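Enquirer: predicted model follows, preceded by the sequence.
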Amino acid sequence: MLRDYVFFDATRSFCSSCHELCDAKVIIKNGSAYLLKTCPAHGEELELFEEDASYLFETHKYLKPGNRLKADTPIRRGCPFDCGLCPDHEQHTCIGLIEVTQACDLVCPVCYADAGRGEHLPLDRIEAMMDFYKAREGGKPEILQVSGGEPTSHPQIEEILKLAKKKRFKYVMLNTNGLRVSEDKDLAAFLRSLTPGFEVYLQFDGLKEKAYQKLRGRKLLEVKLAAIENLRAAGVPITLVSTIARGVNDDQIGELVKFGLATDHIRGINFQPVAYFGRGTGENLENRVTLSGIRREIERQTGGIFKKDDIVPLPCDVDRVAVTYAVKKDGDYIPITSKIQVDNYLELIDNTMDFRAEDLVKNAIAKSITKGIGCDCVRLMDELATILPEGYMKWTPQRRADFINTNTFRITISSFVDEYNFDAKSIRRECVHVITPDLKRIPFSTYNMLHRGRR
């Protein structure tokens, strides 16, 4: 007799009873992918891995070598216990996240940081963390995310952000719940002075109050809309960040996308399936939302404005991040992934979360110079020319930034793993890293699962 599943891959995961690492299979069953774990002490358990198994079949097309990194911790116990980073990690730091405070003016039921009352980091320690991140990225770090707790509660938040700009990170993000921004127009005006190369990463879980009551513990919709209005009036780029939970706001995915498309200065939206660490628990595991499920719902709930095939695995972290990037033309947004086959141009795509059409153009130009007119990059430039404005690459940086802020839209889906859906294979490519006060880089997922307590 045949088994009732198809064996797809092998990995390691955690037993949810004894919390020890155990062998696991990735299996395909009824169109979905599951982790079938086998613990010597507690037997088998099944955990949803991806709602749409077809996504797993696509990821291998986008695989490319990771960036070499400078390791700071030796391999002793193996992944994920040696984070810091250890030599076994396969990807550099695309986003370095610094938690400048553990204080917060909300007590969100799903908070991964378990924030509330807490201490603010001193400015000199924050600067040391920034310098460490820069040094580990060869002096050319990409994205710095200033986070918390609630970073705007730090009494020196303006000095912190000025320092980040002075350090010449490629991009700086302020990760905020928006409460202070909703009341402080002067802060919004200050944030505008940090552009270009800056945006607000705004927690925004839906357009109905039930999402905030369930995920954040109180009604917040009016506060969120006021924060967006203050930022929009000041001309500050915004990325909405939506934690998605089944039965709470998974029916608002399309509304969120359409709201972002219709609102000036919202550059994009990042969807994050709820992860079960911090204050989150595993009580609703049977209702887990996954990356591929959100991808499928975007197509269904937007009526095909963005098709699921437009949202492709991000080459630097194919298992856990998917992305599309759209440009407005004649009033409509056109996903560049619908016009070009991204997997044909992997060597032109940097290992970065900051996936932009203009970087493809720059890399294509450089390659055409070295390889000549017959290379694929010439075809790529022709394809991009149908989307980008004429003469775009000759514009000033400020003009390009203004165009990006008002005429482009980015959708990303970031799926962080917890103890229940932990996959030792994919965690080695996770490229969002927490920069710790003791100067370590730890993947976001494993930091919240295992390492946060050591602070």
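Expert: Received it, and whenever you're ready, just let me know what you need.
Enquirer: any idea how far the residue nearest to Pro397 when sequence neighbours are not counted lies from Met1?
Expert: Spatial nearest neighbour of Pro397, chain neighbours left out: Pro196 (6.2 Å); criterion: C-beta to C-beta, 6 or more residues apart in numbering. From N, CA and C alone the C-beta is placed, and that goes for glycine too. Using C-beta to C-beta, to the nearest Å, Pro196 is found at 62 Å from Met1.
Enquirer: thinking again about what came up before, who are the contact partners of the residue nearest to Pro397?
Expert: Each residue near Pro196 by C-beta atoms under 8 Å, 6 or more residues apart in numbering is listed here: 397-398, 401.
Enquirer: of the residues you listed - the most surrounded one?
Expert: Most neighbours among those, by other C-beta atoms under 10 Å: Ala401, with 16 neighbours.
Enquirer: assign a three-state SS to it, would you?
Expert: With DSSP: H, G, I helix; E, B strand; the rest coil as the basis, Ala401 sits in helix.
Enquirer: over to Glu44?
Expert: strand.
Enquirer: residue contacts, it?
Expert: 36-38.
Enquirer: for it, give me the pLDDT.
Expert: According to the prediction, Glu44 has pLDDT 96.
Enquirer: same deal with Ile411?
Expert: 94.
Enquirer: make 41 the starting number, not 1.
Expert: With the count now opening at 41, the last piece we talked about shows up as Ile451.
Enquirer: does it touch Lys347 like I think?
Expert: No. Between Ile451 and Lys347 there is no contact under C-beta atoms under 8 Å: 11.5 Å.
Enquirer: more neighbours, those two?
Expert: Neighbour count, other C-beta under 10 Å: between Ile451 and Lys347, Ile451 has more, with 25 against 16.
Enquirer: what segments of the stretch 391-495 of the chain are strands?
Expert: 448-454, 472-475, 481-483 (DSSP state E, counting those that start in this stretch).
Enquirer: what's the most buried one of those strands?
Expert: strand 481-483 (a mean of 26; mean count of other C-beta atoms under 10 Å).
Enquirer: and it, what does it pack onto?
Expert: Judged by 3 or more C-beta pairs under 8 Å, 6 or more residues apart in numbering; DSSP states H and E, the packing partners of strand 481-483 are strand 472-475.
Enquirer: what's the helix or strand for Ala175?
Expert: helix 163-176 (DSSP states H and E).
Enquirer: from the contacts of Glu84, which land in strands?
Expert: Counting by DSSP state E, these place 76-78 in strands.
Enquirer: just the buried residues of the residues you listed.
Expert: 76-77 (16 or more other C-beta atoms under 10 Å).
Enquirer: between the ones in strands among the contacts of Glu84, which is nearest Glu60?
Expert: Checking the ones in strands among the contacts of Glu84 against Glu60 with C-beta to C-beta, the nearest one is Lys77 at 10.6 Å.
Enquirer: hang on, the earlier thing: how would you label the residue nearest to Pro437: helix, strand or coil?
Expert: coil.
Enquirer: so how far is Gln438 from it?
Expert: Going from Pro236 to Gln438 by C-beta to C-beta gives 6 Å.
Enquirer: ok, Lys210 next?
Expert: 16 Å.
Enquirer: still on that earlier bit, buried residues in the helix holding Ala175?
Expert: Quick answer for helix 163-176 (16+ other C-beta under 10 Å): 166-167, 169-170, 172-174, 176.
Enquirer: now stretch 100-108
Expert: Along stretch 100-108, these residues count as buried under the neighbour rule (16+ other C-beta under 10 Å): 102, 106-107.
Enquirer: let me have the residues you listed in a markdown table, extended by pLDDT, secondary structure and distance to Val367.
Expert: Putting those into a markdown table (pLDDT from 0 to 100; DSSP: H, G, I helix; E, B strand; the rest coil; distance: C-beta to C-beta, whole Å) gives the following:
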| residue | pLDDT | secondary structure | distance to Val367 |
| --- | --- | --- | --- |
| Tyr102 | 86 | helix | 21 |
| Gly106 | 84 | coil | 28 |
| Asn107 | 82 | coil | 27 |
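Enquirer: give me the most central residue, this protein.
Expert: Ser454 (4.4 Å; C-alpha atoms, centre = their mean).
Enquirer: residue contacts, that residue?
Expert: By C-beta under 8 Å, 6+ apart, the neighbours of Ser454 are 310-312, 331, 360-361, 472.
Enquirer: any idea how the chain splits into domains?
Expert: Here the domain parsing of the chain from automatic domain parsing is 46-99, 109-374+447-494, 393-444.
Enquirer: and those domains, which is most packed in?
Expert: domain 109-374+447-494 (a mean of 19).
Enquirer: ok so, going back, paired strands for the helix or strand following the helix holding Ala175, with orientation please.
Expert: Per DSSP H and E, helix 163-176 leads on to strand 183-187 as the next helix or strand towards the C-terminus. In the sheet, strand 183-187 lines up against strand 135-139 (parallel), strand 211-216 (parallel) (DSSP bridges).
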